[in-house]
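**Q** coordinates only, sequence not included:
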């Protein structure tokens, strides 16, 4: 996939993980600064180990766009089922409030079942990927177009409830149940700069944020032309 020329705009990538979201913005031409409370030695751009909420309050106004992937464990199906009773932080309300203080456009990404507004829902099939990975996106202060949700071509391959399924998609999570190889995960996600399963499992495909970045650039260009 080709990478666009630098456009002079900067994205602050909060709770950045290994940089799946960041790479999409980079491919669209943005410069990226990532922030995470944990070390991220394989993050491919400028990185700061820090509290994301404190960082956005202090520095968010210096950026053109803010992206946040607040921890999702509070909202996942596993937490509400298999892991019920475990306590996980819900940083979405606090994080949203912090981002709003900056006056900057922002994007919040999270899992199905989370409390983010469903301004945009993306799926790997929309981009021809080998992973389903539905994600919700809350978009603040710029319009986006919802890509049609193309019907899935089949099942996610792997073992569930003692039965093995074949299908065109890889299950990029966990370690058992006939999960694919690391190489299959990398290909399915469009991520080749890490070979760590946990990092891949927690990332989103760069194709998602590249799509959002293109929408932001269109809105940004239109706003400048109208000024």
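**A** Great, that's in hand. Computed from a predicted structure; not experimentally measured.
**Q** quick one: stretch 132-150 to chain centroid distance?
**A** In this view, stretch 132-150 has its centroid 11 Å away from the chain centroid, taken as C-alpha atoms, centre = their mean, to the nearest Å.
**Q** Please apply the same query to stretch 7-16.
**A** With C-alpha atoms, centre = their mean as the basis, the distance from the averaged C-alpha position of stretch 7-16 to the chain average is 13 Å.
**Q** what comes up buried for that stretch?
**A** Of the residues in stretch 7-16, those scored as buried under the neighbour-count criterion (16 or more other C-beta atoms under 10 Å) are 9, 10, 11, 12, 13, 14, 15, 16. C-beta coordinates here come from the backbone N, C-alpha and C atoms, glycine included.
**Q** contacts for it?
**A** With C-beta atoms under 8 Å, 6 or more residues apart in numbering as the test, stretch 7-16 has contacts from 19, 21-22, 25, 28-37, 40, 43, 45, 47, 52, 55-56, 59-60, 62-71, 91, 95, 213, 217, 220.
**Q** Among those, name the ones in strands.
**A** Residues of the contacts of stretch 7-16 located in strands (DSSP state E): 31, 32, 33, 34, 35, 36, 47, 65, 66, 67, 68.
**Q** lowest confidence element among the helices and strands of this structure?
**A** Least confident helix or strand of the chain, by mean pLDDT, DSSP states H and E, is helix 77-80 with a mean of 45.
**Q** State the mean pLDDT of the top helix by length along the chain.
**A** Secondary structure assigned by DSSP state H gives helix 206-226 as the longest helix of the chain. Confidence over helix 206-226 (mean pLDDT, whole number) is 96.
**Q** got it, and stretch 179-193?
**A** Confidence over stretch 179-193 (mean pLDDT, whole number) is 95.
**Q** buried set for that stretch?
**A** When neighbours are counted by 16+ other C-beta under 10 Å, the buried residues of stretch 179-193 are found to be 179, 180, 184, 185, 186, 187, 188, 189, 190, 191.
**Q** How about the contacts made by the last one?
**A** Shown in contact with residue 191 (C-beta under 8 Å, 6+ apart): 18, 20, 23, 200, 203, 205, 206.
**Q** Please spell out the PyMOL selection for the buried subset of the residues you listed.
**A** Listed next is the PyMOL selection for buried residues among the contacts of residue 191, using 16+ other C-beta under 10 Å:
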select buried, resi 18+20+23+200+203+205+206
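**Q** Switch the contacts of residue 191 over to a markdown table; also include distance to residue 159.
**A** Converted to a markdown table, the contacts of residue 191 look like this (distance: C-beta to C-beta, whole Å):
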| residue | distance to residue 159 |
| --- | --- |
| 18 | 26 |
| 20 | 26 |
| 23 | 30 |
| 200 | 19 |
| 203 | 23 |
| 205 | 24 |
| 206 | 28 |
